[in-house]
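Engineer: Return a 3D structure for these sequence lines:
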Amino acid sequence: MKGCVVEGVVTRGRQIGQTIGFPTANLPLQEGACAPGVYRSRVTIEGDVRSYEAMSNVGYNPSVGGAELRLESHLFGFVGELYGRRIRVELLEKLRDERRFESLEELSRQLDADRQQILDELENKL
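Structural biologist: Below you'll find the model as predicted:
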């Protein structure tokens, strides 16, 4: 699915992404709101004049035993606190389906590859 937009207040997740170098802004999501998968995205933070390129996941986090549907976005170049702030996430391009990885190391390697794919696409568009 292309063009899905979600707005909401960032909630605290289990902070697993932070432990593997990919902190995320988490938004609860209703079933069917957006197709599951990993996306190139753009995030706007309420009260901030700029938007951030990002990598987002729509899904259940099967690699870490997740059970609830959520939207998680890793913002490139953002430094600061997002808990309790309102954000807008635009899913721009689907990279791949969500899948289960056997270890956090394998998940981290895939996230590195996903991030690099997005950064390469952005660089090619300049």
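Engineer: What residues of the helix or strand of the chain with the lowest mean pLDDT count as buried?
Structural biologist: Within the chain, confidence by mean pLDDT, DSSP states H and E is lowest for helix 16-19 among all helices and strands, at a mean of 74. By neighbour count on 16 or more other C-beta atoms under 10 Å, the buried set for helix 16-19 is 16-17. Using the backbone N, CA and C atoms, a C-beta is placed for each residue, glycine as well.
Engineer: cool, and stretch 63-81?
Structural biologist: Across stretch 63-81, burial judged by 16+ other C-beta under 10 Å covers 63, 66, 69-75, 78.
Engineer: any idea which of these is closest to Gln18?
Structural biologist: Checking the buried residues of stretch 63-81 against Gln18 by C-beta to C-beta gives His74 as the nearest, at 10.0 Å.
Engineer: the strands in this protein, which residues?
Structural biologist: Under the criterion DSSP state E, the chain contains strands at 5-9, 25-28, 37-45, 51-59, 70-75, 86-96.
Engineer: Out of the ones you listed, which is closest to Glu123?
Structural biologist: Of all the strands of the chain, it is strand 51-59 that lies closest to Glu123, at 10.9 Å by C-beta to C-beta.
Engineer: Name the strands paired with the closest one and say parallel or antiparallel.
Structural biologist: Partners of strand 51-59 in the sheet, by DSSP bridges, are strand 37-45 (antiparallel), strand 70-75 (antiparallel).
Engineer: Name the residues that touch it?
Structural biologist: Here strand 51-59 makes contact (C-beta atoms under 8 Å, 6 or more residues apart in numbering) with 4, 22, 24, 29, 34-45, 66, 69-78, 89, 91, 95, 98, 111, 114-115, 118, 122.
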